[in-house]
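Asker: this one's structure only:
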């Protein structure tokens with residue numbers, strides 16, 4: 001498929017996009033540690049919560065907050081949402097270094113959602129290791145995941161130089177997007193747990209779920225980056241739409257990799273290919289296959305998904321049904337189409353230069369990556 005609308009200026013930058021992510025990840029992790037210490041002491045607890053009326057226990061917060069949070073964060077992750085925030089801020093003519101502490105917001109919230117999501121899905125592994133709730137217990141994982149929705153806002157609460165209007169715009173963005181992400185997650189849960197008729201989901205309904213579940217934090221990242229750059233509401237919305245599309249593209253590509261990637265840089269081990277089938281998830285590929293495969297194959301695919309099986313032969317059978325229906329290639333092409341259209345709308349708002357080229361490279365990377 002021809003990728004219309006994404007500037008060819010970014011050709012050279014695209015070669016180095018993985019290096020950009022790697023380089024900025026180091027900066028992001030240092031900022032996170034500034035606000036969420038690996039080991040709390042009295043001073044850091046007072047910074048976080050204020051002076052104690054009685055007396056703080058030092059050991060307990062470390063055991064149930066810092067330790068589980070860093071156990072997950074230290075496993076890596078692409079850190080692409082905060083990088084996206086930086087790139088958009090700079091591509092609008094701002095200087096992200098002046099506001100770089102704000103990158104903690106989408107990254108820590110994202111990892112909090114993963115911690116909670118793993119409990120909801122009864123998952124075993126996250127980034128190649130046992131999920132947080134498998135190591136620390138469900139109670140600690142729920143509490144740590146929830147606190148990750150709020151801790152990063154210390155970067156805003158403790159900021160003494162930002163004007164109140166900018167702070168309010170960021171708070172409003174956060175509140176709306178956190179509502180959206182909860183509804184998006186709820187839609188996904190309803191479909192793969194049989195709480196709603198998952199076999200009749202339309203593509204637009206699926207894409208809206210993705211826009212809320214995966215697109216929300218990308219949209220939040222972009223909007224905060226644009227707000228910090230002093231952009232008007234129209235520009236904020238345009239960049240938010242682009243980044244939502246990147247989030248949707250990332251989700252679709254993740255779903256594709258979940259069925260196809262068994263080697264190279266991909267993080268999935270072969271035995272975990274098809275985990276989405278075990279969970280019964282209705283991905284874009286499933287929706288397309290149900291609509292375009294023969295009745296017999298469509299019925300069989302639904303049967304396997306509803307089994308929540310870990311049987312390798314059944315999972316491979318489901319994958320083959322989707323391949324035969326052309327669903328995997330369709331998903332790849334659809335992701336590129338969505339992102340290319342959003343880029344075309346957002347590009348006029350961006351200033352020509354290095355940051356714009358890097359952002360264009362990032363947009364391409366989101367749907368062309370192999371891991």
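Answerer: Yes, it's here. Everything numeric here is computed off the predicted structure, so don't read it as measured data.
Asker: for the host helix or strand of residue 84, packing partners?
Answerer: Per DSSP states H and E, residue 84 falls inside helix 80-91. Packing contacts for helix 80-91, counted by 3 or more Cβ pairs under 8 Å, 6 or more residues apart in numbering; DSSP states H and E, involve helix 17-35, helix 104-120, helix 215-228, helix 233-260, helix 354-368. Bear in mind the C-beta positions are built from the backbone N, C-alpha and C, glycine included.
Asker: residues near residue 18, how many?
Answerer: Residues near residue 18, counting by other Cβ atoms under 10 Å, number 14.
Asker: could you find the closest non-adjacent residue to it?
Answerer: residue 365 (7.6 Å; Cβ to Cβ, 6 or more residues apart in numbering).
Asker: and the nearest residue in space to residue 68 that is not next to it in sequence, what's its pLDDT?
Answerer: Spatial nearest neighbour of residue 68, excluding adjacent residues (Cβ to Cβ, 6+ apart): residue 144 at 4.3 Å. Looking at residue 144, its pLDDT stands at 97.
Asker: residue 144 in helix, strand or coil?
Answerer: helix (DSSP: H, G, I helix; E, B strand; the rest coil).
Asker: so who does it touch?
Answerer: Residue 144 makes contact with 64-65, 68-69, 112, 115, 132, 136, according to Cβ atoms under 8 Å, 6 or more residues apart in numbering.
Asker: in JSON lines: these, plus pLDDT.
Answerer: What follows is the contacts of residue 144, written out as JSON lines (pLDDT from 0 to 100):
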{"residue": "64", "pLDDT": "97"}
{"residue": "65", "pLDDT": "97"}
{"residue": "68", "pLDDT": "98"}
{"residue": "69", "pLDDT": "98"}
{"residue": "112", "pLDDT": "97"}
{"residue": "115", "pLDDT": "97"}
{"residue": "132", "pLDDT": "97"}
{"residue": "136", "pLDDT": "97"}
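Asker: restricted to helices, list these.
Answerer: Among the contacts of residue 144, the residues falling in helices (DSSP state H) are 68-69, 112, 115, 132, 136.
Asker: now for those: which two are most distant?
Answerer: 112 and 136 (14.2 Å; Cβ to Cβ).
Asker: for residue 73, what are its contacts?
Answerer: By Cβ under 8 Å, 6+ apart, residue 73 lies in contact with 29, 32, 111.
Asker: chain neighbours aside, what residue packs nearest to the residue nearest the centre of the chain?
Answerer: Closest to where the C-alpha atoms of the chain average out (Cα atoms, centre = their mean) is residue 214, at 5.1 Å. Among residues not flanking residue 214 along the chain, residue 251 sits closest, at 3.9 Å (Cβ to Cβ, 6+ apart).
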